[in-house]
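Colleague: Quick one: sequence plus predicted model below, questions after.
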Amino acid sequence: MDTIVICSGGLDSVSLAHKVAAEHTLKGLLSFDYGQRHSKELGFAAACATRLGVPHSVVDIRAIGAALGGSALTDDIAVPDGHYAEETMKATIVPNRNAIMLSIGFGMAAAQKVDAVATAVHGGDHFIYPDCRPGFIDAFQAMQDRALEGYADIRLYTPYVTGSKADIVTDGAAHGTPFGETWSCYKGGANHCGRCGTCVERREAFHLAGVIDPTLYDDPDFWLTALAERGA
């Protein structure tokens with residue numbers, strides 16, 4: 001299955017890229033600059049493409065990102081600390097982000113005669129992000145089947161959609177993903193902050209998977225506090 005992977009440079013999408021490279025035919029990585037404050041992640045996506053020997057395309061949709069204002073990922077709004085399932089993490093929603101990115105990805109796949117577009121949405125995303133849930137994935141596939149009917153038949157490949165981030169760490173380790181060469185933190189500092197929702201989720205995932213976490217965190221133990229406060 002010839003596949004384009006949407007790759008942010010994060011743990012999930014880089015692990016997916018390595019999985020696709022091992023199990024299918026990886027045709028390239030597709031990233032987006034939407035004005036995210038943690039745009040340093042794009043450098044990790046580029047490094048992944050180089051490592052796997054495939055092209056890396058970065059589509060500039062900063063104007064679209066600016067039109068979708070109000071998110072802590074794009075605007076001058078504090079990124080909340082705490083557990084990734086907390087209500088406060090809704091501040092990190094960029095409305096319709098995945099729908100927009102996937103639409104572009106499907107268009108590119110159709111133009112390039114590729115079989116599938118892969119994205120690394122997973123069960124841990126379901127708490128906060130509606131465009132990461134199975135219902136959205138099924139609806140988007142149905143919409144694209146109509147949008148490209150008679151022109152292209154492209155599959156939306158989401159192998160992690162019902163799994164956890166710990167499952168992704170386990171799978172990534174099996175496929176040799178260099179976890180130290182991925183970026184998750186929403187704050188975009190020199191190191192992972194260890195306090196934002198995605199850092200807490202990342203730290204917990206390695207713990208649950210029983211895999212050594214090579215990440216350098218400014219606050220490596222905050223995840224325990226976040227979990228305790230949530231009663232996990």
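Modeller: Done, it's in.
Colleague: what helices or strands is the longest helix along the chain leaning on?
Modeller: The residue-count maximum for a helix in the chain (DSSP state H) belongs to helix 97-112. Applying 3 or more C-beta pairs under 8 Å, 6 or more residues apart in numbering; DSSP states H and E, one finds that helix 97-112 contacts strand 2-6, strand 25-33, strand 116-118, helix 134-147. Placement of C-beta: from N, CA and C, glycine included.
Colleague: what's the span of stretch 22-42, first residue to last?
Modeller: 22 Å (C-alpha to C-alpha, to the nearest Å).
Colleague: Which of the helices and strands in this protein ranks last by mean pLDDT?
Modeller: Sorted by mean pLDDT, DSSP states H and E, the helices and strands of the chain end with helix 62-67, the least confident at a mean of 85.
Colleague: buried stuff in it?
Modeller: The neighbour-count criterion (16 or more other C-beta atoms under 10 Å) identifies 64, 65 as the buried residues of helix 62-67.
Colleague: Kindly report the same for stretch 208-225.
Modeller: Buried residues in stretch 208-225, counting neighbours by 16+ other C-beta under 10 Å, are found at 209, 213, 215, 217, 219, 222, 223.
Colleague: Same check on stretch 16-33?
Modeller: If you call a residue buried by 16+ other C-beta under 10 Å, then stretch 16-33 has these buried ones: 16-21, 24, 26-32.
Colleague: And for stretch 139-159?
Modeller: In terms of neighbour count (16+ other C-beta under 10 Å), stretch 139-159 has its buried residues at 140, 144, 152, 154, 155, 156, 157, 158, 159.
Colleague: likewise stretch 103-115?
Modeller: So for stretch 103-115, counting by 16+ other C-beta under 10 Å, buried means 103, 104, 105, 106, 107, 108, 109, 110, 114, 115.
Colleague: Surely the second one and residue 58 touch.
Modeller: Going back to what we said before, that points to residue 104. No. Counting by C-beta atoms under 8 Å, residue 104 stays clear of residue 58, with 11.5 Å between them.
Colleague: Give me the common contacts of the two.
Modeller: residue 32 (C-beta atoms under 8 Å, 6 or more residues apart in numbering).
Colleague: ok so, going back, switch the buried residues of stretch 103-115 over to CSV; also include distance to residue 69 and pLDDT.
Modeller: Output for these, formatted as CSV (distance: C-beta to C-beta, whole Å; pLDDT from 0 to 100):
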residue, distance to residue 69, pLDDT
103, 20, 97
104, 20, 97
105, 23, 98
106, 26, 98
107, 25, 98
108, 26, 97
109, 29, 98
110, 30, 98
114, 33, 98
115, 36, 98
